[in-house]
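Chemist: Compute the structure for the input listed below.
(one chain, ligands or ions: 1)
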Amino acid sequence: MPVLEVVNLKKYFPVHKGVFLRPKGFIYAVDDISFIVKQGETLGLVGESGCGKTTLGRCITGLYDKTDGHVKFCGEDIFSFNSKQLKEFRLKAQVIFQDPYESLDARQTIKEILKEKYIIHKKESKINIDEEIATLLEKVGLQRTDMSKFPHEFSGGQRQRIGIARAISLNPELIVCDEPVSALDVSVQSKILNLLLKLQEEMKLTYVFISHDLAVVKHISDRIAVMYLGKIVEIADADSIYNKHLHPYTEALLSAIPLPDPKIKKRRIILKGELPSIQNPPKGCRFHTRCRHTMAVCKEEEPGLLLNNREKEHYVACHLQELK
Ligand code: SF4
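Modeler: As a prediction, the model looks like this:
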């Protein structure tokens with residue numbers, strides 16, 4: 001059974017305008033998305049900013065309610081949970097946020113910050129809290145003496161380590177990592193990614209890793225889902241996405257990754273125009289206004305996410321593939 005199963009999930013935000021705040025349509029942030037994540041796997045979720053990936057991450061962890069569809073955690077729909085079940089679920093599904101500084105209370109010491117979850121979930125009295133926090137800090141590459149310090153005394157990378165310590169403190173099963181390294185220097189990014197990989201192996205964690213950067217996602221993901229305007233347009237194992245991608249949008253994203261060897265020339269595909277409004281997505285294929293292969297059918301009919309390679313579990317939503 002997959003740890004996470006997302007079935008036809010929709011999340012629309014109503015838009016109100018004018019003095020009387022009359023309803024004026026919706027923002028289609030997540031629009032009919034389905035996928036699974038197996039135990040111990042990392043699913044990378046990639047796309048430009050505004051494509052709906054953070055909203056999807058928040059729906060998965062129950063931080064946002066759904067408009068329609070299901071999110072099943074170990075087979076059970078999280079939107080049908082009562083408050084007790086929801087509290088249990090929140091123990092098992094955690095989030096690592098993008099900005100470690102914003103997500104840590106500047107007035108609290110690291111010990112107070114990390115202690116909070118044990119108090120909320122009534123675990124504090126059952127353990128030696130100082131020892132527990134010291135072990136946690138060492139696990140993420142910090143010192144046990146750091147527990148008496150405040151967030152401003154740490155670098156960006158160290159603060160993200162504290163964010164990771166908080167996420168793993170109650171032995172979760174699933175962690176949604178929402179752009180966890182995008183605010184960090186490149187030199188620090190790889191250290192944090194390696195830490196996440198080490199913890200995944202030690203604790204048998206399952207990750208959903210959200211990023212706008214395909215180079216970062218490549219480093220950590222087993223499978224990758226590419227999102228565009230609230231939809232998944234391609235999903236496959238990481239190797240297929242990098243070497244046998246089928247969707248023109250994935251191709252354009254990959255062409256923007258710089259190569260480490262300056263002697264190797266690579267043709268960059270520049271996407272024309274701006275990302276269309278998610279409030280008013282184009283008819284047919286949502287990518288047709290920027291795609292260099294647009295055909296008449298693309299402007300009229302929305303392509304379904306169809307299986308292209310069963311062995312690689314490679315799905316793509318593009319009329320070009322249907323013609324092959
Ligand atoms: Fe491009 Fe058409 Fe494929 Fe959309 S369906 S990605 S417009 S070729």
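Chemist: Tell me how many other residues crowd residue 173.
Modeler: 19 (other Cβ atoms under 10 Å). To be clear about C-beta, it is placed using only N, CA and C from the backbone, and glycine gets the same treatment.
Chemist: And the residue of the stretch 1-150 of the chain closest to the ligand?
Modeler: residue 47 (13.9 Å; Cβ to the nearest ligand atom).
Chemist: quick one: contacts for the closest residue to that residue other than its chain neighbours?
Modeler: Leaving aside its chain neighbours, residue 47 sits nearest to residue 227 (3.6 Å; criterion: Cβ to Cβ, 6 or more residues apart in numbering). Counting by Cβ atoms under 8 Å, 6 or more residues apart in numbering, residue 227 touches 45, 46, 47, 51, 52, 53, 56, 233.
Chemist: Looking at those, spot the one nearest residue 209.
Modeler: Checking the contacts of residue 227 against residue 209 by Cβ to Cβ gives residue 45 as the nearest, at 6.8 Å.
Chemist: ok, back up a step: please work out how many residues are found near the residue of the stretch 1-150 of the chain closest to the ligand.
Modeler: Residue 47 has 26 nearby residues by other Cβ under 10 Å.
Chemist: Wait, it touches residue 55, no?
Modeler: No. Residue 47 is not in contact with residue 55 according to Cβ atoms under 8 Å; the separation is 11.4 Å.
Chemist: Report the residue spans of the stretch 51-200 of the chain with pLDDT below the cut-off.
Modeler: 100 (pLDDT under 70).
Chemist: tell me the secondary structure for residue 226?
Modeler: Assigned with DSSP: H, G, I helix; E, B strand; the rest coil, residue 226 falls in the strand class.
Chemist: Return the distance of it relative to residue 91.
Modeler: 31 Å (Cβ to Cβ, to the nearest Å).
Chemist: do residue 259 as well
Modeler: For residue 259 relative to residue 91 (Cβ to Cβ), the value is 43 Å.
Chemist: Show me which of the two is the more surrounded one.
Modeler: Using other Cβ under 10 Å as the criterion, residue 259 and residue 91 rank with residue 91 on top: 16 against 9.
Chemist: Find the nearest non-adjacent residue to the more buried one, please.
Modeler: residue 170 (5.1 Å).
Chemist: contacting residues for that neighbour?
Modeler: 91, 94, 117, 118, 121, 123.
Chemist: hang on, the earlier thing: may I ask which two of the contacts of residue 227 are separated the most?
Modeler: Counting by Cβ to Cβ, the most remote pair of the contacts of residue 227 is 56 and 233, 13.6 Å apart.
Chemist: So between those two, which is more surrounded?
Modeler: Between residue 56 and residue 233, counted using other Cβ under 10 Å, the more crowded position is residue 56 (28 against 25).
Chemist: Please report phi then psi for residue 91.
Modeler: phi -70, psi -40 (degrees, to the nearest 10).
Chemist: Pretty sure it sits against residue 172.
Modeler: Yes. Contact criterion Cβ under 8 Å: residue 91 and residue 172 qualify, at 6.9 Å.
Chemist: and residue 9, that one's in a helix?
Modeler: No. According to three-state DSSP, residue 9 belongs to no helix; its state is strand.
Chemist: related to what we said a few turns ago, torsion angles phi and psi at the residue nearest to residue 91?
Modeler: phi -110, psi 30.
Chemist: ok, residue 67 - contacts?
Modeler: Residue 67 neighbours (Cβ under 8 Å, 6+ apart): 10, 11, 12.
Chemist: So what pairs up with the second one in the strands?
Modeler: So the one you mean is residue 11. Bridge pairing for residue 11 (DSSP bridges) gives the partners residue 30.
Chemist: and it, how far is that from residue 324?
Modeler: Distance from residue 11 to residue 324, by Cβ to Cβ: 33 Å.
Chemist: which neighbours do residue 91 and residue 172 share?
Modeler: With Cβ under 8 Å, 6+ apart as the test, residue 91 and residue 172 reach no residue in common.
Chemist: What lies in contact with the helix or strand where residue 193 lies?
Modeler: Assigned by DSSP states H and E, residue 193 belongs to helix 186-203. Contact with helix 186-203 is made by 40, 42, 139-141, 155-157, 160-161, 164, 168, 171, 177, 180-181, 184, 205, 207, 209, 216, 219-220, as judged by Cβ under 8 Å, 6+ apart.
Chemist: before we move on, what about stretch 293-307?
Modeler: 34, 231-233, 235, 248, 282-286, 288, 291, 313-322.
Chemist: For the most centrally placed residue in the chain, which residues count as its bridge partners?
Modeler: Geometric centre of the chain, nearest residue: residue 210, 2.6 Å, by Cα atoms, centre = their mean. When assigned by DSSP bridges, residue 210 has beta-bridge partners residue 45, residue 178.
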